[in-house]
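Trainee: Structure of the sequence below:
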Amino acid sequence: MANPLDRVVLIGVAGDSGCGKSTFLRRLADLFGEEFMTVICLDDYHSLDRKQRKAAGVTALNPKANNFDLMYEQIKTLKSGQPIDKPIYNHETGEIDPPERIEPNRIVVVEGLHPMYDERMRELLDFSVYLDIDDDVKIAWKIQRDMAERGHTYEDVLASINARRPDFEAYIDVQKQYADVVIQILPTQLIPDDKDHKILRVRLVQKEGIEDFAPVYLFDEGSTINWVPCGRKLTCSYPGIRMYYGPDSYFGNEVSVLEIDGEFDRLEEVIYVESHLSNTSTKYYGEMTELLLKHREYPGSNNGSGLFQVLVGLKMRSTYERLTIAAGQAMAKANA
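Mentor: This is a model prediction of the structure:
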């Protein structure tokens with residue numbers, strides 16, 4: 001195995017605010033260990049502070065409010081195994097604070113609004129995921145959070161979402177076409193005209209043709225499968241659970257799609273579903289279920305979002321191990 005800093009593995013996690021990036025990062029820390037993983041929030045590369053953005057009439061989503069040249073240079077330096085002095089964007093004051101020294105680590109995760117917006121950054125990434133929340137679900141979640149926790153009115157919340165929408169569609173949403181994996185959170189199809197959005201349909205869109213990345217499949221690779229696992233081995237209360245797997249096309253790329261619609265009543269029983277999935281990159285039988293059970297309190301643990309976050313984490317671990325072993329072999333050969 002290579003020395004950890006012979007090969008810094010760079011992971012990109014993209015998505016809008018409030019789309020589940022924090023929960024996903026906690027799941028990654030479970031897999032890699034917090035001491036081996038450094039997370040860089042790309043908000044720190046805002047070139048305009050809150051007052052300057054307001055004066056210029058731009059949002060933080062707009063590339064004009066971000067320093068992509070500095071972002072690229074510093075992330076490239078970190079990936080090469082050298083430390084950086086990274087700026088800090090202070091979310092409380094809205095100002096840019098003095099920089100902090102960041103040392104390279106085995107895993108560096110760049111997360112935020114723009115990890116895949118700049119082509120130079122995309123080429124640095126060893127693995128990338130985009131968290132894609134359907135508009136109806138996003139609005140329901142934001143209303144629930146902002147009205148309950150922050151005292152905002154329904155109209156305020158809606159106005160805030162609509163004000164961000166043009167920039168979101170122009171600069172953030174476009175990045176999903178570049179991701180190795182996309183986790184889509186959609187309204188359920190199990191309940192007609194569902195307005196609560198408590199039951200979710202979650203899709204794992206996996207790009208085909210990526211070196212050493214084998215998409216997860218259900219039953220039979222390349223087939224189209226519709227499966228209702230509810231019965232003697234999986235407890236399901238209304239409206240039940242439905243799974244789907246099949247090939248598809250996504251932004252002109254061949255993909256494999258795995259889908260779970262509904263919620264698990266008993267997380268321990270997820271092992272029944274796990275036993276029918278292949279290419280999960282687990283090290284032993286039941287590891288996926290065990291990782292899910294480790295933090296059953298995390299949001300999404302009882303539906304497809306938690307399960308797919310764990311699966312993507314396992315794929316990232318597999319990529320990390322492959323790259324570090326390859327780096328170790330190359331160094332041994334050079335020193336021979």
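
Trainee: where's the nearest residue to Val182 once chain neighbours are set aside, which helix or strand?
Mentor: For Val182, ignoring the flanking residues on the chain, the nearest one in space by CB to CB, 6 or more residues apart in numbering is Val205 at 4.1 Å. C-beta here means a position set from N, CA and C on the backbone, and glycine is covered the same way. Using DSSP states H and E, Val205 falls within strand 200-207.

Trainee: so where's the longest helix in this protein?
Mentor: In the chain, ranked by residue count with DSSP state H as the criterion, the top helix is helix 304-335.

Trainee: hmm, back to that, now the strand holding Val205 against helix 304-335, angle please.
Mentor: Put simply, strand 200-207 runs at 20 degrees to helix 304-335, going by axes from the mean of the first three to the mean of the last three CA atoms, to 10 degrees.

Trainee: list the contacts for the residue nearest to Val182?
Mentor: Neighbouring residues of Val205 by CB atoms under 8 Å, 6 or more residues apart in numbering: Val181, Val182, Ile183, Gln184, Asp248, Tyr250, Val255, Val257.

Trainee: So in terms of bridging, what pairs with it?
Mentor: In this entry, Val205 is beta-bridged to Val182, Val257, by DSSP bridges.

Trainee: how many neighbours does Val39 have?
Mentor: 19 (other CB atoms under 10 Å).

Trainee: gap between it and Ala327?
Mentor: 22 Å (CB to CB, to the nearest Å).

Trainee: Now Asp132. Nearest residue, chain neighbours left out?
Mentor: Per CB to CB, 6+ apart, closest to Asp132 is Gln184, 4.6 Å.

Trainee: Assign the one you found to helix, strand or coil.
Mentor: strand (DSSP: H, G, I helix; E, B strand; the rest coil).

Trainee: next one: Pro247
Mentor: strand.

Trainee: For Ala29, see how far away it is.
Mentor: 33 Å.

Trainee: and if you look at Val108?
Mentor: Distance from Val108 to Ala29, by CB to CB: 13 Å.

Trainee: Could you check which of these two is surrounded by more residues?
Mentor: Val108 (21 against 17).

Trainee: Can you report how many residues lie near Asp173?
Mentor: 16.

Trainee: how about it, what does it touch?
Mentor: Contacts of Asp173 by CB under 8 Å, 6+ apart are Asp132.

Trainee: Got phi/psi on it?
Mentor: phi -60, psi -30 (degrees, to the nearest 10).

Trainee: Low-confidence bits of the protein, can you list those?
Mentor: Applying pLDDT under 70 to the chain flags the ranges 1-5, 145-151, 331-332, 336.

Trainee: For it, just list every one of the helices.
Mentor: Using DSSP H, helices in the chain cover 21-32, 50-56, 68-79, 119-124, 135-149, 154-167, 270-274, 287-294, 304-335.

Trainee: So for Arg7, which of the ones you listed sits nearest?
Mentor: helix 304-335 (3.5 Å; CB to CB).

Trainee: And that closest one, what's buried?
Mentor: Of all the residues in helix 304-335, those buried under the rule 16 or more other CB atoms under 10 Å are 304-320, 323-324, 327.

Trainee: That helix - contacts with which helices or strands?
Mentor: strand 9-14, helix 21-32, strand 127-133, strand 181-187, strand 200-207, strand 253-262, helix 287-294 (3 or more CB pairs under 8 Å, 6 or more residues apart in numbering; DSSP states H and E).

Trainee: Skipping its backbone neighbours, what lies nearest Asn279 in space?
Mentor: Nearest one to Asn279, counting by CB to CB, 6+ apart, is Ala214 at 4.3 Å.

Trainee: Now that neighbour. Its backbone dihedrals?
Mentor: According to degrees, to the nearest 10, Ala214 has phi -100, psi 110.
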